[in-house]
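# just a sequence and a predicted model for now, questions to come.
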Amino acid sequence: MAASEIVFLLNDQLIRTTAPPGSAMLDFVRKKRHLTGSKLVCKEGECGACTVLVGNLSGDELVYQSMTSCIMPLVNAHGKHIVTIEGLNMDTLSPVQQAMVDSYGTQCGFCTPGFVVSLSGYLLSAKDITFEGAIGAIDGNICRCTGYKSIERAARSLVDRLIEEGDGNNIRQLVKAKYIPSYFSTVKDRLEGLLSTDHQEYSGRKLGGGTDLYVQRPYEMYESEVFPVYDASPMKQIELKNGICTFGAALTMGDLYRSKVFARALPNADYIFKLLSSTQIRNMATIGGNLVNASPIGDFTILLLALNSKIHLEGASGIRTLPLSSFYLGYKKLDLNEDEILLKISFPIPNRDTIFHFEKVSQRKYFDIASVNLASSIEMTDDRVRSAHIAIGGVGPIPLYLRKTATHLQGKTLDSHLVEEVFDILQSEISPISDARGSAEYKRLLARQLLLAQFLNINAGIYQIEKLIHV
């Protein structure tokens, strides 16, 4: 394809490049710009050693988010401000860097740049600075030798200092207090100038955040022709209307997590989103990509299936709508024409009689791939099930909508007898296999336990746990 120019700010420098748009940001900053502070370690977005900040204009506001540059497509940097650890350096150590030193928060030092970038990004983005928020901001950063307690102490001292100073944490105040370099004060105006330039059209593979593509097929992606949809404005909207939540497929998990509008549509949103990967990955992973990727254990896919969602596909012949539960035809096989793109998703907003619940079991509670995940949306009238939608992942070749299980519940009184009936129906619908995340027998057990958890969430006394040894 014809070379298309990607224009962005890298630290304090204006970058114009015709490098392959599908190449990884980490490779660009290390190999082309020789900024080696961002470390190459896992190449899967799991360890956070390559964390960068991505500043983007949102209306009149400059918003910074942390992302892992090893799986960040270069084209997604267009019109943005990319900050590596070098872009945070000043004549003296910043308070973030100094806190890591004073608390002995670094040993081999390989992970340290990522921690410093993530904590600095938290200061730039948080509305209210708290210790819990600072720890949440580094949930995608892994330390292999220092130990987390010293890093936690660094975060605590940093938060205590900011609260004591009481000067706030907007860019102007952070520059004045020398938490970040002075050039940050000019970035907003410079980005506004970049956005006035034409962005050439691309063709080829449709690309969102790339968080799975760059893990599964990295070298193929580096040289691929790509059509970026990550910043497509029509696919970035959220609307609540007539009891329906509709949102664009290019929105990331982070976008939805921060959205007060979406929080009104999704019960227990704060708890749920914390189970979905790390801060860096949530900031990159698009919902459309999660659905089209068709992973049998995609967390957001299972969540949306249980919400009885519909998807809206746009192609040459217009827009067609179908239930998400009809989208998956087989392993990695979709009801998606070659010329179509997933445009938006919609679901009925749970009413006050509907109990929505999501759970997953993984080797780590947070930021890990599920062994089994399960979500349910059950509408109750007194003790009777008016309607039910249940979905499960990790027990078959596709994200599985439990149609028979849900149908059997409808119209019946939810009691221990019904619970035992649906245990058997559940087992008939799933077909787990043994793999690295557990044996088939273990996954069947998890499926039963997670389904029971949904019922106990409705009525904690509905079933005696001791009875499970006889089921």
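Nice, thanks for sending it over. Keep in mind the model is a prediction, meaning the values are calculated, not measured.
# quick check: phi and psi on the spatially closest residue to Arg161 that is not a sequence neighbour?
Of all residues not flanking Arg161 in the chain, Pro95 sits nearest, at 6.3 Å (C-beta to C-beta, 6 or more residues apart in numbering). For glycine as for every other residue, the C-beta is placed from the backbone atoms N, C-alpha and C. With angles defined as degrees, to the nearest 10, Pro95 sits at phi -60, psi -30.
# do the same with the one 3 residues further on
When read as degrees, to the nearest 10, the backbone of Gln98 gives phi -70, psi -40.
# now do the contacts for it.
Taking C-beta atoms under 8 Å, 6 or more residues apart in numbering, we find Gln98 in contact with no residue.
# how far away is it from Glu420?
Gln98 sits 60 Å away from Glu420, going by C-beta to C-beta, to the nearest Å.
# next one: the residue nearest to Arg161, what pLDDT does it get?
Looking at Pro95, its pLDDT is 95.
# touching, it and Leu158? I think so.
Yes - Pro95 lies in contact with Leu158 (C-beta atoms under 8 Å); the separation is 6.3 Å.
# span of stretch 42-59 from start to end?
35 Å (C-alpha to C-alpha, to the nearest Å).
# chain center to it: distance?
12 Å (C-alpha atoms, centre = their mean, to the nearest Å).
# now do the strands in the stretch 1-150 of the chain.
In the stretch 1-150 of the chain, the segments counted as strands under DSSP state E, counting those that start in this stretch are 6-10, 13-17, 51-58, 61-68, 81-83.
# what's the residue closest to the geometric middle of this structure?
Closest to where the C-alpha atoms of the chain average out (C-alpha atoms, centre = their mean) is Arg282, at 2.2 Å.
# that one contacts Phe273, doesn't it?
Yes - Arg282 is within contact range of Phe273, at 6.9 Å (criterion: C-beta under 8 Å).
# now for the two: what residues contact both?
Listed as contacting both Arg282 and Phe273 by C-beta under 8 Å, 6+ apart are 253, 257.
# host element of Gly168?
Of the helices and strands defined by DSSP states H and E, none includes Gly168.
# just name the most buried of the strands of the stretch 1-150 of the chain.
Most buried of these by mean neighbour count (mean count of other C-beta atoms under 10 Å) is strand 81-83; its value is a mean of 26.
# in its sheet, what does it sit against?
Here strand 81-83 has these sheet partners by DSSP bridges: strand 6-10 (parallel), strand 51-58 (antiparallel).
# now do the shortest one: distance to the chain's middle.
In this case it means strand 6-10. Distance, stretch centre to chain centre, for strand 6-10: 24 Å (C-alpha atoms, centre = their mean).
# distance of the residue nearest to the centre of the chain from Val54?
In terms of C-beta to C-beta, Arg282 sits 13 Å off from Val54.
# again, but for Met253
15 Å.
# what residues go with each domain of this protein?
6-194, 226-348, 370-470 (automatic domain parsing).
# in TSV, list the ones you listed along with distance to Thr211.
Formatted as TSV, those follow (distance: least, C-beta to C-beta, whole Å):
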stretch	distance to Thr211
domain 6-194	6
domain 226-348	4
domain 370-470	15
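# out of the ones you listed, flag the one nearest Lys206.
Ranking the domains of the chain by proximity to Lys206 (C-beta to C-beta) places domain 226-348 first, at 5.1 Å.
# gap between the two ends of that closest one?
Domain 226-348 has an end-to-end distance of 33 Å (criterion: C-alpha to C-alpha).
# likewise for stretch 233-253?
End-to-end distance for stretch 233-253, by C-alpha to C-alpha: 16 Å.
# buried sites along stretch 227-239?
Neighbour-count burial for stretch 227-239 flags 228-232, 235-236, 238 (criterion: 16 or more other C-beta atoms under 10 Å).
# thinking again about what came up before, among the domains of the chain, which is nearest Pro218?
Closest to Pro218 of these, according to C-beta to C-beta: domain 6-194, at 6.9 Å.
# wait, isn't Gly79 in contact with Asp231?
Yes - between Gly79 and Asp231 there is a contact under C-beta under 8 Å: 7.5 Å.
# nearest to Gly209, out of the domains of the chain?
domain 226-348 (4.0 Å).
# before we move on, back to that, closest to Ile398 out of the strands of the stretch 1-150 of the chain?
Nearest to Ile398 among the strands of the stretch 1-150 of the chain is strand 61-68; the distance by C-beta to C-beta comes to 27.5 Å.
# elements contacting the helix or strand harbouring Val419?
Using DSSP H and E, Val419 sits in helix 416-429. When contacts are defined as 3 or more C-beta pairs under 8 Å, 6 or more residues apart in numbering; DSSP states H and E, helix 416-429 sits against helix 403-409, helix 440-458.
# what residues are up against Lys332?
Residues near Lys332 by C-beta under 8 Å, 6+ apart: Ala294.
# ramachandran coordinates for it?
Phi and psi for Lys332, reported as degrees, to the nearest 10, are phi 60, psi 20.
# quick one: it from Pro296, how far?
Lys332 is 9 Å from Pro296, where distance means C-beta to C-beta.
# my guess is Leu343 contacts Phe247. True?
No - using C-beta under 8 Å, Leu343 is not in contact with Phe247; the gap is 10.6 Å.
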